[in-house]
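Enquirer: Give the three-dimensional model of this entry:
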Amino acid sequence: MKLVFKKAGKPNLEVDAAPGARLIDLCDQHRSPVPFSCRGTSCGTCCVRVHEGAALLDDAGDEELNLVEALGYSGDTHRLACTAKLRSGPDAGASARVVLEPENDD
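Expert: Sure, this is the predicted structure:
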């Protein structure tokens with residue numbers, strides 16, 4: 001699976017990602033443009049817009065959805081990189097792509 005990080009004014013960062021991987025770990029490993037602060041679903045600094053592949057992410061829990069909505073976004077289009085995780089299973093093949101863009105500057 002490919003995970004693509006978009007950031008205005010910078011080239012896209014495209015990385016290979018294993019099904020079941022946590023976004024926070026992938027962000028750390030590849031020095032993504034996603035900023036972090038609390039790293040635990042309490043501040044929203046790592047909120048990302050999901051441009052493509054939302055169905056390839058595990059379902060958000062209530063705590064994540066509540067914070068995303070408190071930030072003024074929809075859980076259908078936005079996730080928190082500190083808690084989101086890539087799905088495992090047959091849809092998470094090598095040609096699958098998830099495209100994310102941080103809402104906050106790093």
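
Enquirer: Report the helix or strand with the lowest average pLDDT across the protein.
Expert: strand 97-102 (a mean of 89; mean pLDDT, DSSP states H and E).

Enquirer: Next, the buried residues of that one.
Expert: Using 16 or more other Cβ atoms under 10 Å as the test for burial, strand 97-102 gives 98, 99, 100, 101, 102. Every C-beta, even on glycine, is put in place using the N, C-alpha and C of the backbone.

Enquirer: for stretch 25-36, same thing?
Expert: Neighbour count says stretch 25-36 has 26, 27, 30, 32, 33, 34, 36 buried, by 16+ other Cβ under 10 Å.

Enquirer: what does stretch 75-82 give?
Expert: Neighbour count says stretch 75-82 has 75, 78, 79, 80, 81, 82 buried, by 16+ other Cβ under 10 Å.

Enquirer: Turn those residues into CSV, including pLDDT, secondary structure and distance to residue 52.
Expert: Formatted as CSV, those follow (pLDDT from 0 to 100; DSSP: H, G, I helix; E, B strand; the rest coil; distance: Cβ to Cβ, whole Å):
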residue, pLDDT, secondary structure, distance to residue 52
75, 93, coil, 16
78, 96, strand, 13
79, 96, strand, 13
80, 97, strand, 18
81, 96, coil, 16
82, 96, coil, 21
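
Enquirer: of all the residues you listed, which comes closest to residue 5?
Expert: residue 81 (9.6 Å; Cβ to Cβ).

Enquirer: List the residues that contact that closest one.
Expert: When contacts are counted by Cβ atoms under 8 Å, 6 or more residues apart in numbering, residue 81 is found next to 23, 24, 27, 32, 34, 36, 46, 47, 48, 100, 102.
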